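1. structure for the following, please:
(one chain, ligands or ions: 1)
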Amino acid sequence: MAQLLIYRASAGSGKTHTLVTRYIKWALRYPSAFKHILAITFTHRATQEMQQRIIAYLYSLSIGEETVLLIELCQTGWAKPQLQERSKEVLSMIVHRYGDFSVTTIDSFFHKIIQSFTKELGLKEHFSIEMDQALALQETVEELVASPCPLLQKWLVDFALAKLVAGKTWHVKNDIQQLGKALFEESFKLHEKALLATFQQKALLPQFIKSIQTFLLSFEQKMQKIGQVALNILQKEGLEPADFAYGTKGIIGYFFKIAHTKDFKPTKRAIIGSAHLEGWYNRKKNHQSTKITRVVTTLLYPLLMEAITLYEQEGLRYRTAAVMARFTYAFGMIGALLLGLEAYRSKHNVLFISDIAALLYQIIQENDTPFLYEKIGNQFHHFLIDEFQDLSLFQWINIKPLLHNSLAQGYTNILVGDVKQSIYRWRGSNWKLLNHYVEEEFKESSRHALTINRRSQETIVLFNNLFFSTASNQLTHYLEITLTSAIPSLPIAPLQYELAQMRRAYGDVAQQAVMDMPRPNRGYVECLFLRSNPIDQEEDTFDWKACAQKEVIKLLAQMQQEGIQAKDIVLLVRNNSEAALITHVFNNPSKDNQTSCPYALLSDYSHSLWSHIAIKVLIRSLYYLNNTDDLINKVAWIEAYYSCIEKGPVAWHHYALEDVTAVNPIEDLIHSSFWAQKDFLKNLSIYTCVNLLIEILFTKSHAYSDILSFFQSIVLDFSYKETASIEAFLIWWEKRGKNIQLPANNHANAIRVMTIHQAKGLECKVVIMPFCSWHLDHGPQHGPTLWSTSHQPSPGFPVWPLGYGADLKETYYANDYHLERMQIHLDNLNLLYVAFTRAQERLYVMAPFPETTETMTTTADLVYQSLLKHTSHNAQATQNLVTDMQEIPTGTKFCFGKVTK
Ligand SMILES: Nc1ncnc2c1ncn2[C@@H]1O[C@H](COP(=O)(O)OP(=O)(O)OP(=O)(O)O)[C@@H](O)[C@H]1O
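-> Predicted coordinates for the structure are as follows:
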């Protein structure tokens, strides 16, 4: 019976495993069944991981290895020899018809659709996909800055001035480029069409800006005038601020403020003064008290009431206009960029990579497109989607009809994901799809749980259960209490709904651990909060990251003594600059023995694809086919071929280089089938050519199947996006392909440094997070652009861009601010979740000791406050978790479980 199975389960519970085993079961039905299964992931890394798992499972079945899967399949009626035979057949079909092995990223899948239906979708012929959006943006910005258009020049000058006024550096090109990145995001693309129409009416924005400025100026003048009149009265009457309660800090101070600044918000004392006249007067005896009473009651009090009333009536509108005005010039630039990128697309006949999903979405919205889905539906029967929480709204709308179609034909589909691992919101991921929308859309779907964590040892599972249920409560509570400071007219219900969804997201966090581990092997977690050591504290500020670097080295020295292998250790960091910081310690060992690292380090992407010998053979062969006269290439080709395939040296190149016409031994050196098919090969598309080359050159050698299939996937990706000729591929290879890095080699015995994003989906015995402290909110300079539809300031502007910041709190855009604030806090909790759940046996976390427990600003605050709730200075057991809190010279350490040696 047709079914949509949804597995919403926590980390390490076997979601990918479930998809892979389901894939294998379907693929084994008949040898080419795999062609009808589409498995979708979100990153190339995840694609490779899944491809490798499928191939590894098939391989172990083909050699009859007694795995859980083999036993399970035998229980469903398979005989072992039959299973071995079939898995061999499937494996061989996959290798030889790699293009049909559809385990792909969602972006590649959409490319393929666009490429295959160019005509039907009304796209121009021979277009290509521009992957390097940053380069296109840079070119567009250059053109914009050089444009003589007066309106553009005005936007530029105003934009630069606005930056200067805000006290920011004046790098216009960089700033515009930064701004322009938003144009590739889905949150913008949702409104792109409407905005293009707005920008095409050239006078609309300048007129609107003028109206905002007129309003701002008129309000400011009215308020400043009240302030000035009050100050003039004081002067005329010979009174000083000190004659009134609290002097310049009292009500009189408010008049100073509104007369001289643009902060018109009534102060607390001004509000008290508006309700009680006593709030004006000094308690001390004053010989002018009669005069003061007269001035207050007849002159100043009415002025204060006028200012407060005006602010109550127009303040909200004023604050809103002020935040809008801050973005008007940027909005003008966005309009210019939008038109510039449009021109770039048509000049180069390209689509940007980020256009693909949006374009399909648009086509689906506007047209009845059954032809598209019928064709795809004929090819694919089953759809498997991994990491469903990473799906964006456009992607969802595009993929939904395929699922409906497949279900209608009686096929089963599977979606797996974990809302808590949603860390790609900045790329458009919408965790709410998995949280609730998918089940609302597919009423016939059935939800399945995977409750056992099969990755991590017991202590780690229990620690994460305890920590994340506490941390998610702490965080949502903190967000809730900080909501109360919002403006009274703020409709709070949508925000509370959002908080409820956040709580729901972590509602399923608790997992069971596998209990079959022998007692000592139950895992260990240590969180160290670093404090400056008063003995050697010479500097004013404590460099906790330097301290963490030293702690990491000490820890690694201990691990080496315990015999832990380097390949079993991962150093997890938040971003590339932290990766550089930790890598620096390895590359620059200190003279001080205490800080030199005992292990080798493998930066996650330290090997280029090009450095692999099998790739050299293929690329050199392609160069040869493209230009048979290139002598240097010939020599390099033969050398690579011999060292990779013939496994021996070849001593011919000297004379071949010097006198190529004398003898041409090349035909004797490379496999004869190559020569038989040389002319045929030359005329093939790049993808078919590479496949055939692999068949010809690597028949004897299976050792490279991983790297070859990785290369095939790259060529396949290229051929979806670009002209598929050998020459075009080689040009691309020189420019970009050469720099592609190989995924981390798990077999190399070296420690890996990875960002949390890179580590998603992976696992490792020991995980160390040296710098577990980053902001839970956006940094002051790094807030995103919010495309708000919640307040339409004027007809013609369906959406208005805003810079995220606390100044939105008291405007019509307060909800946009709070929603984004909640989301970014959740994103950061999710990042912690992904990081903490990668460890199989041990997890080490280092962070600075929080200065206060009053606020919750960083992940270090969150971790510390959550741990404090459950731990005391004496070792104790909380929910089967042995916990201990110790003061050590470098800081405070929380330990869970015991290290087993
Ligand atoms: N049924 C099972 N029997 C034995 N081992 C399993 C089973 N399911 C999963 N595993 C193992 O547990 C580990 C985690 O599995 P998997 O990667 O599929 O989990 P996941 O839910 O996809 O994790 P994450 O959400 O963190 O990416 C892997 O090492 C996998 O081989």
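2. give me the phi and psi for the closest residue to L609 other than its chain neighbours.
-> Computed as CB to CB, 6 or more residues apart in numbering, the closest residue to L609 that is not its neighbour in sequence is I740, at 4.6 Å. C-beta here means a position set from N, CA and C on the backbone, and glycine is covered the same way. Main-chain dihedrals, I740, degrees, to the nearest 10: phi -60, psi 140.
3. what pLDDT is listed against I740?
-> I740 carries a pLDDT value of 79.
4. kindly report the same for the one 3 residues further on.
-> Reported pLDDT at P743 in the predicted model: 62.
5. ok, and what's touching stretch 124-131?
-> The contact list for stretch 124-131 (CB atoms under 8 Å, 6 or more residues apart in numbering) reads 111, 118-119, 136, 348-353, 356, 720-723, 736.
6. and the buried ones among those residues, selectable in ChimeraX?
-> Those of these that count as buried under 16 or more other CB atoms under 10 Å are selected in ChimeraX with:
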select :111,136,350,351,352,353,356,720,721,722
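7. from the contacts of stretch 124-131, which land in strands?
-> V350, L351, F352 (DSSP state E).
8. ok, of the residues you listed, which one's closest to L204?
-> Closest approach between the ones in strands among the contacts of stretch 124-131 and L204, by CB to CB: F352, at 25.8 Å.
9. check contacts around the closest residue to the ligand within the stretch 501-650 of the chain.
-> At 8.6 Å from the ligand, V514 is the closest residue in the stretch 501-650 of the chain, using CB to the nearest ligand atom. Neighbouring residues of V514 by CB under 8 Å, 6+ apart: I452, N453, R454, E458.
10. spell out which parts of this protein neighbour the ligand.
-> The chain comes close to the ligand at residues 11-17, 68, 418, 421, 454-455, 761, 763, 837, as judged by CB under 6 Å from any ligand atom.
11. ok, 5 Å please
-> A11, G12, S13, G14, K15, T16, H17, R454, R455, G761 (CB under 5 Å from any ligand atom).
12. max pairwise distance over these: which two?
-> R454 and G761 (14.2 Å).
13. now do the phi/psi pair for Y281.
-> phi -100, psi 150.
14. and for E854?
-> phi -80, psi -40.
15. pull the number of nearby residues for it.
-> Around E854 there are 8 other residues, counting by other CB atoms under 10 Å.
16. where's it relative to the ligand, distance?
-> 34 Å (CB to the nearest ligand atom, to the nearest Å).
17. from L195, how far out is that residue?
-> 42 Å (CB to CB, to the nearest Å).
18. quick check: which element contains V229?
-> helix 204-237 (DSSP states H and E).
19. buried residues in that helix?
-> Those would be 204-205, 208-209, 212, 215-216, 219-220, 222-224, 226-227, 229-231, 233-234, for helix 204-237 by 16+ other CB under 10 Å.
20. and it, what does it pack onto?
-> helix 192-200, helix 251-260, helix 301-348 (3 or more CB pairs under 8 Å, 6 or more residues apart in numbering; DSSP states H and E).
21. mind redoing it with 7 Å?
-> Under the contact definition 3 or more CB pairs under 7 Å, 6 or more residues apart in numbering; DSSP states H and E, helix 204-237 sits against helix 251-260, helix 301-348.
22. the longest one: how far from the chain's middle?
-> Looking back up the chat, that one is helix 301-348. Using CA atoms, centre = their mean, to the nearest Å, the mean C-alpha position of helix 301-348 is found 29 Å from that of the whole chain.
23. state the mean pLDDT of it.
-> On average, helix 301-348 scores 90.
24. how about the helices of the stretch 751-900 of the chain, start to end?
-> 756-759, 814-836, 859-868 (DSSP state H, counting those that start in this stretch).
25. helices and strands around the first one, which ones?
-> Spelled out, that is helix 756-759. Partner elements for helix 756-759 (3+ CB pairs under 7 Å, 6+ apart): strand 569-573, helix 814-836.
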